[in-house]
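Trainee: generate coordinates for the sequence data below:
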Amino acid sequence: MSLQALAPKAHPVVVDRRRRDAGFTLLELLAVVVILGIIAAIAIPLIGGIINNAKEDATRGVAISMYEAAKMYVVSEKGGDFKNAGTVSLDELIQQNYIQGKVKDGYGNELDTKESKVEFEENGQLKSVIIKPKDGDSKTYTPEGTNNTIKLFTKN
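Mentor: Next up, the predicted model:
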């Protein structure tokens with residue numbers, strides 16, 4: 001006779017308990033779902049803020065590109081007379097090939113070429129860059145930034 005034949009048989013309840021121990025309980029699964037929900041509640045707004053900041057920075061980049069193109073335009077087409085440069089529209093910059101193609105802001109909105117412009121002061125300094133999407137509100141960038149405008153150049 002073998003030793004297994006002499007060993008007592010396991011009670012059916014003990015066998016069922018061992019089978020249940022192989023998986024996760026409902027409470028354990030619920031705890032994991034709650035933890036994942038907390039992590040998502042914290043991470044999603046942070047990611048949204050990062051994306052919005054990137055779009056704002058891209059729009060600022062478009063404004064800087066318009067300003068640089070307007071400076072080249074004034075030097076080349078107006079003899080460098082910044083004092084009488086006044087306003088240079090995005091439409092002028094595109095027609096004179098200082099900027100090519102359809103220009104979009106950081107949000108992917110096409111800009112109104114007549115309303116988007118670079119303005120110079122009478123002393124030849126940059127006054128503002130206005131970015132106006134075709135469907136949306138304009139944003140005004142100035143060298144120093146005020147309550148109603150956004151600072152064009154940032155120091156890192």
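Trainee: could you look up the SS state of the spatially closest residue to Phe82 that is not a sequence neighbour?
Mentor: Closest residue to Phe82 apart from its sequence neighbours, by CB to CB, 6 or more residues apart in numbering: Gly124 at 3.2 Å. In this view, the C-beta of every residue, glycine as well, is placed from N, C-alpha and C. Put simply, Gly124 is coil when judged by DSSP: H, G, I helix; E, B strand; the rest coil.
Trainee: report pLDDT for Gly124.
Mentor: Looking at Gly124, its pLDDT is 81.
Trainee: tell me the SS of Val129?
Mentor: When the rule is three-state DSSP, Val129 gets the label strand.
Trainee: count the residues that sit near it.
Mentor: Per other CB atoms under 10 Å, the neighbour tally for Val129 reads 27.
Trainee: mind listing what's buried in stretch 53-67?
Mentor: For stretch 53-67, the neighbour count (16 or more other CB atoms under 10 Å) marks Thr59, Arg60, Val62, Ala63, Met66, Tyr67 as buried.
Trainee: got it, and stretch 118-136?
Mentor: Val118, Glu119, Phe120, Leu126, Lys127, Ser128, Val129, Ile130, Ile131, Lys132, Pro133.
Trainee: next secondary structure after the longest helix along the chain?
Mentor: Taking DSSP state H as the criterion, the chain has its longest helix at helix 26-77. As assigned by DSSP states H and E, the chain's next helix or strand after helix 26-77 is strand 87-89.
Trainee: that next one pairs with which strands?
Mentor: strand 117-120 (antiparallel) (DSSP bridges).
Trainee: chain center to the partner strand: distance?
Mentor: Remark: strand 117-120 is offset 25 Å from the chain centroid, using CA atoms, centre = their mean, to the nearest Å.
Trainee: cool, and stretch 114-130?
Mentor: The answer for stretch 114-130 is 26 Å, by CA atoms, centre = their mean.
Trainee: nothing else from me, thank you.
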